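Provided below for reference: sequence and predicted model.
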Protein chains: 2
Amino acid sequence: MTASAGQIGRTDAARNHERLLAAALAVYAAKGVDASLKEVADHAGLGVGTVYRHFPTREALQEAVLADHLETLRSRAAELAQTHPAADALVTWLGEFIAHFTQYRGLARAFLPTLSDRRTPLGHACTDMRAAGSMLLEGAKQAGAVRAGLDAGTMLRLASGIAMAAEYAPDGAAPLLPWVLDGVLSRPAAGTA
Amino acid sequence: MTASAGQIGRTDAARNHERLLAAALAVYAAKGVDASLKEVADHAGLGVGTVYRHFPTREALQEAVLADHLETLRSRAAELAQTHPAADALVTWLGEFIAHFTQYRGLARAFLPTLSDRRTPLGHACTDMRAAGSMLLEGAKQAGAVRAGLDAGTMLRLASGIAMAAEYAPDGAAPLLPWVLDGVLSRPAAGTA
DNA sequence: ACCTGAACACCGTTCAAGT
DNA sequence: ACCTGAACACCGTTCAAGT
C-alpha cells in the first residue's frame, strides 16, 4: 500500500479519539459535563489542540458522550422488551435511564434539547432511543399497566426532570421516582416485580 | 444631622440596589440566570463596578432574586391555606411554584441546593418557604387528598424537576405536572377544582 | 497527517481615579 | 461615600511550528 503512513496516522487518530471519549467520561463523572476541555486533554495525556481537532466544540464532545448513552439505552430497551413482562420492563428501563444521567452532572440537561432535534446525528440517536422507549411504553399500555394519554416524549421529560433534581438531592432519585411511577401506572407500583 | 451627605449616598445606593434587582429580573427573564453581570449593569444604566459593589459574586445576585421568589411563594402558601380547600390549595400552589421557576431559565437549578442549606440567609428564606408548603401538604394529607409518605422536600424536588424539564419542552410544564399530581393525590386529579 | 502548546481573544473581576 | 470603566487576570480557542 502506498498509504501506509496515512493508515498509521489514522490508527493513532482513532486511538486518540477513543482515549478522549474515555477521558471525557472520567472527567465528566468527577466534575460534570461543564468541565474544561483542558482537563479532558490532561486526563487523556494529550494536548488541548488534539481535543479541538477531534471535537470542534465543547458541545461536540458532550454530544459524543451522550450518543453513546443513547445507543446503550436503545439496545437495553430492546433487550428488556424481549426478556421481561411489559410493566416490569418499562419500570426497570426508566430506572436505568435515570441512573445513566445521574452519573454525569449536567448530562440530563444537555440531553433535553435533543428530544426536539430531528436534524443532527445526535437527534437521530435520540429518535432511535425514544422509539425503543416508546415500544416499551406501548407494551405496558396494552398490558393495561399504564394509563392512556402518556406519550414517550412526556415520559422521557419526566424521567429527565427526576434525574436533574436527583443531582442535588441527598438521597438521589430513589425518593422521587416512585411518585411519578404511581402517577403513570394504572395500579400502585408493585416494587420491582 | 452631620451625616446628611452620607444619607444621600445611602439613598442613592438603596435606589441602585433596587434598580439592579429589577434589571436582573428583566435580563434573567430574557437570557436566563447565567447572563453576564455586564448585561445587568447595562440594563440598569450603571457601571459594572456598581453591580459588584452591591452583589460581590454572580451567585449573590441570583440569590437575591431567588430570595424574593421564595418569600412570594411563602406568603402565597399562607394565603391559599386560608382561602382554599386543602387539596385545591396544594395543587394551585404547586402550579404557581413551577410557574415562578420556569420564568427564569436556570433558576430552578440554582434553587435546588438551597433545599439542603440551613446556614445562609437564603437557606433561611428557603426553610420558611418550605415550612409554608409543608403546611399545605399536611392539610391535604389530613383531608385525605394526598398519600402518606410524601414529605415537603421530596414534593419540592419533584416540582423543581418538572420546572427544569419544562424549560426545554415545547409545551412547557402543562403536559408534565398532571402525571406527578396523579402520583401524589389519593384520587385522580379533579382539574383545578 | 497528526499533535503540540504558546499566542491570541474574550469575558469576568478589581481598583485607582473621579464625582 | 459611592460610582465608573480602564486595566488586569483568567480561561477557552486557534494555529504556526514540530514530529
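Received it, and whenever you're ready, just let me know what you need.

what is the burial count for A:Lys38?
Look at A:Lys38: counted by other C-beta atoms under 10 Å in any protein chain shown, it has 11 neighbours. (Each C-beta comes from the backbone N, C-alpha and C, glycine too.)

also A:Ala86?
As a burial measure, A:Ala86 scores 20 neighbours (other C-beta under 10 Å).

my guess is it contacts A:Ala143, does it?
Yes - A:Ala86 lies in contact with A:Ala143 (C-beta atoms under 8 Å); the separation is 4.0 Å.

the closest residue to A:Lys141 other than its chain neighbours and DNA strand D, how far apart?
In space, not counting the residues next to it along the chain, A:Lys141 is nearest to A:Ala148; the distance is 6.7 Å by C-beta to C-beta, 6 or more residues apart in numbering or on different chains. Separation of A:Ala148 from DNA strand D (C-beta to the nearest atom of the strand, to the nearest Å): 45 Å.

where does chain A have low pLDDT?
Under the criterion pLDDT under 70, the flagged ranges of chain A are A:1-9, A:187-193.

tell me where it has helices.
With DSSP state H as the definition, chain A shows helices at residue ranges A:4-31, A:37-44, A:48-54, A:58-83, A:86-102, A:107-111, A:121-142, A:152-166, A:177-184.

tell me the angle the fifth one makes with helix A:58-83.
Here helix A:86-102 runs at 160 degrees with respect to helix A:58-83, directions being taken by axes from the mean of the first three to the mean of the last three C-alpha atoms, to 10 degrees.

flag every buried residue along helix A:86-102.
Of the residues in helix A:86-102, A:86-95, A:97-98, A:100-102 count as buried by neighbour count, 16 or more other C-beta atoms under 10 Å in any protein chain shown.

same check, this time on the first one
Neighbour counts using 16+ other C-beta under 10 Å place A:Asn16, A:Arg19, A:Leu20, A:Leu21, A:Ala23, A:Ala24, A:Leu25, A:Val27, A:Tyr28 of helix A:4-31 among the buried residues.

chain B contacts on chain A?
Those residues of chain A that sit near chain B, judged by C-beta under 8 Å from any C-beta of the partner chain, are A:109, A:112-113, A:115-116, A:147, A:150, A:154, A:157-158, A:160-162, A:164-170, A:175-176, A:178-184.

make a ChimeraX selection of the buried ones in those residues.
Buried members of the residues of chain A next to chain B, identified by 16+ other C-beta under 10 Å, are gathered into one ChimeraX selection as follows:
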select /A:109,112,115,150,154,157,158,160,161,162,164,165,166,167,168,169,175,176,178,179,180,181,182,183,184
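
for DNA strand C, what's the nearest residue on chain A?
With C-beta to the nearest atom of the strand, the shortest gap between chain A and DNA strand C falls at A:Gly49, namely 1.8 Å.

could you count how many residues lie near that residue?
One way to gauge burial is a neighbour count; for A:Gly49, by other C-beta under 10 Å, it gives 9.

residue contacts, it?
Under the criterion of C-beta atoms under 8 Å, 6 or more residues apart in numbering or on different chains, A:Gly49 has no neighbours.

gap between it and chain B?
In this structure, A:Gly49 and chain B are separated by 27 Å, where distance is defined by C-beta to the nearest C-beta, to the nearest Å.

distance check, that residue against A:Arg19.
Shown here: A:Gly49 relative to A:Arg19, a distance of 14 Å by C-beta to C-beta, to the nearest Å.

restrict the buried residues of helix A:4-31 to contacts with DNA strand C.
Under the cut-off given by C-beta under 7 Å from any atom of the strand, DNA strand C has A:Asn16 from those close to it.

and of the buried residues of helix A:4-31, the nearest to A:Leu73?
Taking C-beta to C-beta as the measure, A:Leu73 lies nearest A:Leu25 of the buried residues of helix A:4-31, at 15.4 Å.

measure the closest one to A:Glu18 for me?
Taking C-beta to C-beta as the measure, A:Leu25 falls 11 Å from A:Glu18.

which ones are touching the residue nearest the centre of chain A?
Among the residues of chain A, the smallest C-alpha distance to the mean C-alpha position (C-alpha atoms, centre = their mean) belongs to A:His69, namely 3.8 Å. Taking C-beta under 8 Å, 6+ apart as the contact definition, A:His69 lies against A:His100, A:Phe101, A:Leu107.

try A:Ala89
Under the criterion of C-beta under 8 Å, 6+ apart, the contact list for A:Ala89 reads A:Ala77, A:Leu80, A:Ala81, A:Thr83, A:Leu136, A:Gly139, A:Ala140.

which residue is the nearest non-sequential neighbour of it?
For A:Ala89, ignoring the flanking residues on the chain, the nearest one in space by C-beta to C-beta, 6+ apart is A:Leu80 at 4.0 Å.

got it, and A:Ala23?
Taking C-beta to C-beta, 6+ apart, and ignoring the residues beside it in sequence, A:Ala23 has A:Ala44 as its nearest neighbour in space, at 3.7 Å.
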